[in-house]
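Asks: Starting from these lines, generate the structure:
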Amino acid sequence: MSSDEAQYELTSTNFHPRYTGPPPDEMTPQQLSLRHSILSTRPHTGLSGPFGPWLSIPAIASPSQELGRVVRYETSLSRRESELVILLTGAKYQSETEFDLHVGEARRAGVGWDVIRSIPRGVVRSSSSNNAVSMVSGNAQKSMSEEKFSFERVRESVIPLLIKEHDDMHLLEEEDGETRVTNNNIKDREVAIVLFAAELLDSNTVSDETYATTRQVLGGDDSILVEITAIVGYYAYVSYTLNVFRIPSSEVA
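Replies: Predicted coordinates for the structure are as follows:
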């Protein structure tokens, strides 16, 4: 583990779950069949996170699983773009489990620690009301944990670091003699997606200007805006589930 990683402390490992779903020996044949289907598509994470509670109502669990698969793996967004939108959503809804889980996913997708730490999350619940986890240490993470989520905070804190990260990557590519296509286009696209998601999360919609600007940056394709909106909506639903039933990340990994 690098020194940077060592400074990031999970805050969602010690929640006491309220409800993790029906135990297998009490499941109906329909629930068992759905459980098997979920497990077959999630070999690394298993039956985790919101899926336990959802399984109590198969009519909810089945379409939820399908929507989750599509918005996670079958949109036109890059893995990095998707993870940024998911982190913003977890931050907005103060879902520590959602945020902690997707920190790792975002890192694997190439998102840097500075960008992750700059995302405003508000005061983490586990430190302020649960006392299950101590306050995180380090000024960077403390700042991230105490700044209330807003579009303005994302624009002022996250976007400059996101731009810097792309510019630094571009410089490294030039030094290595590599020629990777449309670095600036990738940067502009990512910034537009983050701002669109942040405004949607902060105000429950986006302005005409934001809609038009984002659409233009994304090549005039309205369907990509549908995808971003769907990712935000799905992970808001996931965040609510994780928060209400207090599912810790230790139950999800």
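Asks: counting contacts, what elements does whichever helix in the chain runs longest pack onto?
Replies: Residue-count comparison of every helix in the chain, with assignments taken from DSSP state H, identifies helix 222-244 as the longest. Where contact means 3 or more CB pairs under 8 Å, 6 or more residues apart in numbering; DSSP states H and E, helix 222-244 is packed against helix 58-73, helix 79-92, helix 96-108, helix 183-203, helix 208-217. From N, CA and C alone the C-beta is placed, and that goes for glycine too.
Asks: Could you tell me the angle between the shortest one and helix 222-244?
Replies: Same thing as helix 208-217. Orientation check (axes from the mean of the first three to the mean of the last three CA atoms, to 10 degrees): helix 208-217 against helix 222-244 gives 120 degrees.
Asks: Now do helix 208-217: which elements does it pack against?
Replies: Taking 3+ CB pairs under 8 Å, 6+ apart as the contact cut, helix 208-217 packs with helix 183-203, helix 222-244.
Asks: and what of the second one?
Replies: Packing contacts for helix 79-92, counted by 3+ CB pairs under 8 Å, 6+ apart, involve helix 96-108, helix 183-203, helix 222-244.
Asks: looking at the ones you listed, which is buried most?
Replies: Greatest average neighbour count among the helices and strands packed on helix 79-92 goes to helix 96-108 (a mean of 22), per mean count of other CB atoms under 10 Å.
Asks: Could you look up the next helix or strand downstream of that helix?
Replies: The first helix or strand that comes after helix 96-108 along the chain, using DSSP states H and E, is helix 113-118.
Asks: Now that we have the helices and strands packed on helix 222-244, can you turn them into a markdown table and tack on distance to Leu161?
Replies: Written out in a markdown table, the entries for these read as follows (distance: least, CB to CB, whole Å):
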| stretch | distance to Leu161 |
| --- | --- |
| helix 58-73 | 25 |
| helix 79-92 | 12 |
| helix 96-108 | 13 |
| helix 183-203 | 11 |
| helix 208-217 | 19 |
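Asks: quick one on the thing from earlier: residues in contact with the longest helix of the chain: which ones?
Replies: Counting contacts by CB atoms under 8 Å, 6 or more residues apart in numbering, the residues outside helix 222-244 that touch it are 18, 49-50, 53-54, 64, 67-68, 70-71, 75-77, 82, 85-86, 88-90, 92-95, 97-98, 125, 193, 196-197, 200-201, 211, 214-215, 218, 247.
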